[in-house]
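Peer 1: Okay, sequence plus prediction incoming.
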Amino acid sequence: MKKYLPILLLSVLSCKSEEIKYTTIPERIDFREFANPSSKYRSVPFYSLNDLLDSAELDRQVEEFAKGGYGGVYLHSRTGLLTEYLGTNWWKVMDAGFKSSSENWHLCLVL
């Protein structure tokens, strides 16, 4: 380490120091939006779906995510799913979840 220290010091000292002046706040930052972001800028949970899917229950849970301040939801079927994956009932539940999500947010992804 000691043998590399002079090279490091020369590298640092030879760098030009440019003074950065911040005279104005960029127009694109809205601090009100930053303090209380809309759903567009909030986190989106990766919601793992397993067990037997029910449209009414999924609607209720999506509503709870919206009340909790999330910005959307990823509906993702996982191991343990008792509803047939890509079956008729699965599509009905995903459609209901998507519609419920569309009422609350701009983002709902079915994976």
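Peer 2: Sure thing, it's come through.

Peer 1: May I see the buried residues of the longest helix seen in the chain?
Peer 2: When the chain is parsed with DSSP state H, its longest helix is helix 88-104. By 16 or more other C-beta atoms under 10 Å, the buried positions in helix 88-104 come out as 90, 93, 94, 96, 97, 98, 100, 101, 104. (Glycine included, C-beta is placed from N, CA and C.)

Peer 1: which of these sit farthest apart?
Peer 2: With distances taken as C-beta to C-beta, the most widely separated pair in the buried residues of helix 88-104 is 90 and 104, at 21.6 Å.

Peer 1: what comes into contact with the longest helix of the chain?
Peer 2: Contact partners of helix 88-104, identified using C-beta atoms under 8 Å, 6 or more residues apart in numbering, comprise 39, 53-55, 58-59, 62-63, 65-66, 72-73, 75, 77, 83-84, 107-108, 110.

Peer 1: per-residue confidence averaged over the longest strand along the chain?
Peer 2: For the chain, the strand with the greatest residue count under DSSP state E is strand 73-81. For strand 73-81, the mean pLDDT works out to 86.

Peer 1: Use 43 as the first number from now on
Peer 2: Understood, numbering begins at 43; the last thing we discussed is strand 115-123.

Peer 1: What pairs with that strand, parallel or antiparallel?
Peer 2: With DSSP bridges as the test, strand 115-123 is paired with strand 88-93 (parallel), strand 150-152 (parallel).

Peer 1: Of all these, which one is nearest residue 72?
Peer 2: It's strand 150-152; of the strands paired with strand 115-123, that one is closest to residue 72 (C-beta to C-beta) at 25.3 Å.

Peer 1: Distance-wise, check residue 112 relative to residue 119.
Peer 2: Between residue 112 and residue 119 the computed distance is 19 Å (C-beta to C-beta, to the nearest Å).

Peer 1: try residue 126
Peer 2: 10 Å.
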